[in-house]
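Peer 1: Take this sequence and fold it.
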Amino acid sequence: MTTVRLRVAHEQRETMAEQGQQPAGGLTTTQQLLIRFFTPPTPEAQKQFTVVGAVLAFLGVLLVIFSTLSWASADYEVHSFAGQGGGSASVSVSGLGSVSTEGIDVDTDSVEEGTSAPGVWTIIFGLLLIGASLPLLIGSLKKYFPWGLVASVLVGFALLITASVFFADPAGAVGDSSGDTEGVGAGYGLWIVFLASLAAFVTAVGGLFLLLRPQPAAQAGWQQPPAPAA
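Peer 2: Below is the predicted model of the structure:
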């Protein structure tokens with residue numbers, strides 16, 4: 001029964017829009033949101049959703065790329081020993097657990113045995129974000145774009161929570177943080193992943209808001225159609 005009422009209200013809304021009438025009262029807030037959710041967007045609005053989809057896809061690509069780069073790094077002062085000169089050294093661990101050093105000779109293979117690969121999670125979320133953006137970009141999938149926006153919001157939220165946990169403790173994200181982690185900070189890869197996750201969630205929520213907001217023509221209230229002649 002509720003589905004029939006929504007369908008009738010949707011048809012009435014389209015008919016009144018064609019007649020230049022402006023709909024508003026008579027429907028609950030939930031019904032109005034459902035109608036806006038399932039109503040195809042105007043060509044002008046579709047351009048906005050295409051931009052949203054392009055931004056989400058771009059952020060998804062950034063997440064995939066920077067999940068493989070530096071996630072935790074530390075700089076150290078190397079003191080002279082046995083006639084060898086001192087200097088500075090740096091150690092970096094990627095989101096996939098690979099270790100790179102500069103200014104110090106370390107057996108990276110043995111170090112990598114104690115690292116983890118948290119970037120796999122953000123790579124998966126990045127790929128899901130790209131997939132959720134496709135209905136906003138590909139013409140044959142545009143009828144599914146409302147669900148793409150909903151999926152983008154859910155993926156963006158989960159991604160932001162995950163990236164925030166990793167960003168709060170980069171040493172613990174890529175390995176065991178129970179030891180001395182002084183001087184260990186987030187690498188540039190983790191910085192980009194965190195900022196991209198924040199941007200993805202904000203963009204997805206903004207796209208959903210554009211979909212559900214009242215259209216300008218609907219803000220003046222429903223104009224009831226004239227009563228049929230007796």
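Peer 1: How many residues are close by Phe58?
Peer 2: Using other Cβ atoms under 10 Å, Phe58 has 17 other residues around it. Placement of C-beta: from N, CA and C, glycine included.
Peer 1: From Leu128, how far off is it?
Peer 2: 15 Å (Cβ to Cβ, to the nearest Å).
Peer 1: what's the following helix or strand after the worst-scoring helix or strand of the chain on mean pLDDT?
Peer 2: Here the helix or strand of the chain ranked lowest by mean pLDDT, DSSP states H and E is helix 2-18, holding a mean of 53. As assigned by DSSP states H and E, the chain's next helix or strand after helix 2-18 is helix 29-38.
Peer 1: For that following helix, list the C-alpha coordinates in CSV.
Peer 2: Written as CSV, here are the backbone C-alpha positions of helix 29-38 (Å, rounded to 0.1, in the frame of the first residue of the first chain):
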residue,chain,number,x,y,z
THR,A,29,9.3,14.0,5.2
THR,A,30,10.2,10.4,4.6
GLN,A,31,8.0,10.1,1.5
GLN,A,32,9.4,13.4,0.1
LEU,A,33,13.0,12.0,0.6
LEU,A,34,12.1,8.8,-1.1
ILE,A,35,10.6,10.6,-4.0
ARG,A,36,13.7,12.8,-4.4
PHE,A,37,15.9,9.7,-4.1
PHE,A,38,14.1,7.8,-6.9
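Peer 1: quick one: Gly60 and Leu127 touch, right?
Peer 2: Yes. With contact defined as Cβ atoms under 8 Å, Gly60 counts as touching Leu127 (6.8 Å).
Peer 1: Same drill for the two, tell me which one is more crowded.
Peer 2: It is Gly60, of Gly60 and Leu127, that has more neighbours when counted by other Cβ under 10 Å, with 25 against 15.
Peer 1: which residues are in contact with the helix or strand hosting that one?
Peer 2: Assessed by DSSP H and E, Gly60 sits inside helix 43-66. For helix 43-66, the surrounding residues in contact (Cβ atoms under 8 Å, 6 or more residues apart in numbering) are 41, 95, 122-123, 125-130, 132-137, 142, 145, 148-149, 152, 159, 188-190, 192-193, 196-197, 199-200, 203-204, 206-207, 210-211.
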